[in-house]
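Peer 1: Got a predicted model here, sequence first, then my questions.
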Amino acid sequence: MSIIFKIADTVKVFLTSRRGLTSLLEKGASVASTQILHNCRHYIPSLGVIIDVGANQGQFAVAASHFYPQARIHSFEPLPEVFRLLQRNTRRLTSINTYNMALGNSTGTLEFYSNAYSHASSALHVSDLQKNMLPKTATSNRIQVPVQRLDDLRHKLPFIPPVLLKMDVQGFEKEVLKGALHSLRQIDYLLFETSFVQMYDGEPLFDEMHHFVKELGFEFIAPVGFLQSEKLQILQMDLLYKRKKG
């Protein structure tokens, strides 16, 4: 029965978002990204630029091109093999630009953990807690990837307002923000995933991230997505913030 419910939920998400069921056949199609962006549209009617950090195979970028067709999307993915899939899945979408690098608070190279489950790849090591709950995340290899600060790239990326900075970098979000302190003056919205339990060694949890982005001048709008364990514990949540006026 659980499979039937999952199929029903998938159909509901794509129909309510007006993407249509044929969108499920598109390369890079994602139920989770579609649901998150469908929820974001309640709060953000239009966007000029989307900075997609931790693009993976392009799931978010592909969905974003549907919900915000006028937006220019800049997608960053550091893993070479995953980046090739990102390029393949977005090559027909002229609004999407792709970059084979990580974003953080340094420029040069970054030690990175390439996970067998690519969604769990991170600059931080997967915690024992996550390995126990999600055994498919237990295997990873250390590699070196190029990294830059968003502040070093902001003059190459025209920030046409409104601007959304989306981060799905598995516990490395705070470092991305530290490397974007000047850029944040031109960013209107933040969308990022945060954890309530230690999914990665050394990652800042919800309370720390919430206070950090408030200090940067952003106010909380709403949760727009979440990840639950098999016991229905909320492990992670996708949160939307808006720059305060004045």
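Peer 2: Everything's here; your move.

Peer 1: When you work out contacts or count neighbours from here on, use the C-alpha atoms and nothing else.
Peer 2: Noted.

Peer 1: Just confirm E193 is within a helix.
Peer 2: No - E193: not assigned to a helix; according to DSSP: H, G, I helix; E, B strand; the rest coil it is strand.

Peer 1: residue nearest the centroid of the protein?
Peer 2: D168 (2.9 Å; Cα atoms, centre = their mean).

Peer 1: who's in contact with it?
Peer 2: Contact analysis of D168 by Cα atoms under 8 Å, 6 or more residues apart in numbering lists 53-55, 192-193.

Peer 1: With Q236 instead?
Peer 2: 193-197, 226-228.

Peer 1: rerun at 10 Å
Peer 2: 170, 193-199, 205-206, 225-229 (Cα atoms under 10 Å, 6 or more residues apart in numbering).

Peer 1: Can you read off the pLDDT for it?
Peer 2: Looking at Q236, its pLDDT is 94.

Peer 1: looking at this, it is in a helix?
Peer 2: No - according to three-state DSSP, Q236 belongs to no helix; its state is strand.

Peer 1: neighbours around the residue nearest to V147 when sequence neighbours are not counted, how many?
Peer 2: Distances taken as Cα to Cα, 6 or more residues apart in numbering put A102 closest to V147, at 4.5 Å, once the chain neighbours are dropped. A102: 29 surrounding residues under other Cα atoms under 10 Å.

Peer 1: Counting neighbours, which bits of the host helix or strand of L177 end up buried?
Peer 2: Assessed by DSSP states H and E, L177 sits inside helix 173-178. Across helix 173-178, burial judged by 16 or more other Cα atoms under 10 Å covers 173-174, 176-178.

Peer 1: So which of those residues is the closest to A64?
Peer 2: Comparing the buried residues of helix 173-178 against A64 with Cα to Cα places E173 closest, at 19.9 Å.

Peer 1: ok, the spatially closest residue to the closest one that is not a sequence neighbour to D128 distance?
Peer 2: Excluding its sequence neighbours, the residue lying closest to E173 (Cα to Cα, 6+ apart) is M167, at 6.3 Å. M167 sits 23 Å away from D128, going by Cα to Cα, to the nearest Å.
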